[in-house]
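Asks: I'll drop the sequence and a predicted model, then ask my questions.
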Amino acid sequence: MTIPAIHPTAIVHPGAKLGSRVEVGAYSLIGEHVEIGDGTRIGPHVVVGGHTRIGCDNRIFQFSSIGEEPQDKKYAGEPTRLEIGDRNTIREFCTFNCGTVQDAGATRLGDDNWIMAYVHLAHDCQVGNQTIFANNTQLAGHVHVGDWAILGGFTVVHQFVRIGAHSMTAMGSILLQDLPPYVTAAGNTARAHGINSEGLKRRGFSAAAIMAIKRAYKILYKSGLKLDEAQAAIAAESAARKELAPLAEFIAVAGRGIIR
C-alpha cells in the first residue's frame, strides 16, 4: 500500500480514512468523518468536511468546499452525507453540500463526471454518471440529473427539478420544470429546442433509434396533443422501441411538470 502524500501544511483529522496514493495539497483541511478512496488527488486550499465519502481516482481542484452543511434552515446538525463516486473531475471553487433528513439524507455524484468551476450541488441532489456541468451551473436542493446530461454554463435549476438522461441545456438556461431525456433546452425560462442528436450519435445510438426519438419529440412538442395524450402515444411506441422507454417513464411521473 502506498502511503498518502499529504502536504506539510495540510490538516487531516486523525479519524479521516485515506486510501493508497491519495494526495492532499497545501493548506487543505480533511475532516473527521471523511473517507477518500485510492488515487484521489485533493488540490491546495480544499475543505472536505461532513460525513463525506469520495471514491477512487477523483481530482478535486483548489478552493473547493466539499461536504459542508446544507444551506437549509431546517437542518439541525443531523449526520447526513455526501457521496462521490470514481474518476470525477471537480474544478475550482465548487461547493457540494450534504443531504438532509427530509429527503434521502445524502447528496450523490456518480462516476466519470466532468464538473467545471463554480458549480454548486445543493443538498439532496442526485447526479448520475458521465455528465458535464459547465462553469457556474447551479443546482438547488433535491435536483435529480440523469446519465450523460450536459448543462451549459450558468444553467440554474429550481429545486426538485428532474433532468433526464442525454439531455442538454444551452448557456444561461433557467430550468423551472423537468427536462425530459434526450431533449435540448434554452432560455429564461427554458423551452425545448429539439433533441440532442449529435450527443446520441457520439454515444452509439443508431440512425433508426435517433429517428424514433425525433418522432417521439414531435409527438410531445409539435403534435398539439395534450400531455396525457402525448404520453400515451409515446408509451405505445416504446413497446417497439426500447430507447423510448426512458422518455415514456420520465413523462409519466408528475413531478414539477415538464418544460413545454
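Replies: Cool, the structure landed.

Asks: tell me which residues of stretch 96-113 are tucked away?
Replies: 96-100, 102-113 (16 or more other Cβ atoms under 10 Å). (Each C-beta comes from the backbone N, C-alpha and C, glycine too.)

Asks: Stretch 78-87 now?
Replies: For stretch 78-87, the neighbour count (16+ other Cβ under 10 Å) marks 78, 80-87 as buried.

Asks: Check stretch 171-189 too.
Replies: 173-175, 177-186.

Asks: mind checking how far that stretch is from the chain centre?
Replies: Distance of stretch 171-189 from the chain centroid (Cα atoms, centre = their mean, to the nearest Å) equals 14 Å.

Asks: What's the per-residue pLDDT of the residue nearest in space to the middle of the chain here?
Replies: Per Cα atoms, centre = their mean, the C-alpha nearest to the average position across the chain is that of Val127, at 3.1 Å. The per-residue pLDDT reported for Val127 equals 98.

Asks: circling back to that earlier point, and of the buried residues of stretch 171-189, the nearest to Gly164?
Replies: Nearest to Gly164 among these: Pro181, at 3.2 Å, using Cβ to Cβ.

Asks: got any ranges where the stretch 1-150 of the chain has weak pLDDT?
Replies: By pLDDT under 70, the weakly predicted segments of the stretch 1-150 of the chain are 1.

Asks: Try it again at 90.
Replies: Scanning the stretch 1-150 of the chain for pLDDT under 90 picks out 1-4.

Asks: do the same with the stretch 151-260 of the chain
Replies: Looking at the stretch 151-260 of the chain by pLDDT under 90, you get 254-255, 260.

Asks: Now do the strands in the stretch 101-250 of the chain.
Replies: Using DSSP state E, counting those that start in this stretch, the strands of the stretch 101-250 of the chain run over residues 106-109, 114-115, 120-121, 126-127, 132-133, 138-139, 144-145, 150-151, 156-157, 162-163, 168-169, 174-175, 183-187, 190-195.

Asks: Enumerate every residue touching Thr9.
Replies: With contact set as Cβ atoms under 8 Å, 6 or more residues apart in numbering, Thr9 has these partners: 26-27.

Asks: Please report how far it lies from His45.
Replies: Thr9 sits 10 Å away from His45, taking Cβ to Cβ, to the nearest Å as the criterion.

Asks: thinking again about what came up before, the residue nearest to the centre of the chain reaches Val145, doesn't it?
Replies: Yes - counting by Cβ atoms under 8 Å, Val127 does reach Val145; the two are 4.5 Å apart.
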